[in-house]
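In: the sequence and its predicted three-dimensional model are supplied below.
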Amino acid sequence: MSTEAAPVRVLVADDQKVVRDGLSLLLGMLPGVEVIGTAVDGTDAVRQAAACVPDVVLMDLSMPNCDGVEATRLIASRQPEVRVVVLTAFADDDSVFAALRAGARGYLTKNAGAGEILQALSAVCAGEAQLDPSVQRRLVEAVVSGRPPGGPGTPSPEAGPPDGLTEREIEVLTEIGAGLSNAEIGAKLRISGATVKSHINHLLAKTGSRDRGQLVGYAFRHGLAA
């Protein structure tokens, strides 16, 4: 009996035909990846995601009719089993945080190589988050400085911890939002790996998140900072 894993089924969404075709060709050459369709804008991406149920939507942000952030929000709310990885030319704070708040599990810029894209697809399918290194640095700087961008999901300074989170759980959640692994979180907070896993289980239960990727979105929707 064959034990070969099923390929990651990917929908590519970009309004530029040359980009769509190029990405489809590139992804088709990667091991364990199958391109099941291409979408010309956000509206088309939402429609095709509902019809084809891909594992991952590789989503551009700047598209007509319905942009990538709104398309990500719609897909994440209607089909939480479908992961969205943003692949865009924009790496500014507003774009990054808007995409994460909408439910994106990964964020890459268009100078990402084939290996980085494959790593992102694998990571989000495993329930992890994957951020471009330059994007991750900026997010970490924002969190550490206590200046996450404002937005509809950002609580006022007077608001208490959301969903009854403890101070330690907020610390762990902040590091998850910064892209750290369990081992890195344990080393930074000086707690054991088992304790980190216990905090993550509590976070999943309290926030109603299914996996680590949703915890990342939750962290930035609520503007949590160390």
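Out: Sure thing, it's come through. For clarity, every value in this text was computed on a predicted model and none was experimentally measured.
In: which of the residues in the host helix or strand of I200 are buried?
Out: For I200, the host element (DSSP states H and E) is helix 193-207. Of the residues in helix 193-207, T195, V196, H199, I200, H202, L203, L204, K206, T207 count as buried by neighbour count, 16 or more other Cβ atoms under 10 Å. The C-beta positions use only the backbone N, C-alpha and C, and glycine is treated the same way.
In: that helix: how far from the chain's middle?
Out: Mean C-alpha position of helix 193-207 versus that of the full chain (Cα atoms, centre = their mean, to the nearest Å) differs by 19 Å.
In: repeat for stretch 35-54
Out: Distance, centroid of stretch 35-54 to centroid of chain: 18 Å (Cα atoms, centre = their mean).
In: what do you get for stretch 48-68?
Out: 14 Å.
In: quote the end-to-end distance of that stretch.
Out: Stretch 48-68 has its terminal residues 14 Å apart, counting by Cα to Cα, to the nearest Å.
In: try stretch 177-196
Out: End-to-end distance for stretch 177-196: 14 Å, by Cα to Cα.
In: can you list the buried residues in it?
Out: G177, A178, G179, L180, N182, I185, G186, L189, I191, T195, V196.
In: of all these, which comes closest to D132?
Out: Nearest to D132 among the buried residues of stretch 177-196 is G179, at 10.0 Å by Cβ to Cβ.
In: that closest one - that's part of a helix, no?
Out: No - going by DSSP: H, G, I helix; E, B strand; the rest coil, the assignment for G179 is coil, not a helix.
In: ok, back up a step: after the helix holding I200, heading C-terminal, what element do we hit next?
Out: Taking DSSP H and E, what comes next after helix 193-207 is helix 212-221.
In: next, the angle from that next one to helix 193-207.
Out: Going by axes from the mean of the first three to the mean of the last three Cα atoms, to 10 degrees, helix 212-221 is angled at 70 degrees with respect to helix 193-207.
In: output helix 212-221 as CSV - backbone C-alpha positions only.
Out: Coordinates of each C-alpha in helix 212-221 appear next as CSV, following Å, rounded to 0.1, in the frame of the first residue of the first chain:
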residue,chain,number,x,y,z
ARG,A,212,-1.5,27.9,15.7
GLY,A,213,-2.3,29.8,12.5
GLN,A,214,-5.6,31.1,13.9
LEU,A,215,-3.8,32.1,17.1
VAL,A,216,-1.5,34.3,15.0
GLY,A,217,-4.5,36.1,13.5
TYR,A,218,-6.1,36.4,16.9
ALA,A,219,-2.9,38.0,18.4
PHE,A,220,-2.8,40.7,15.8
ARG,A,221,-6.6,41.3,15.7
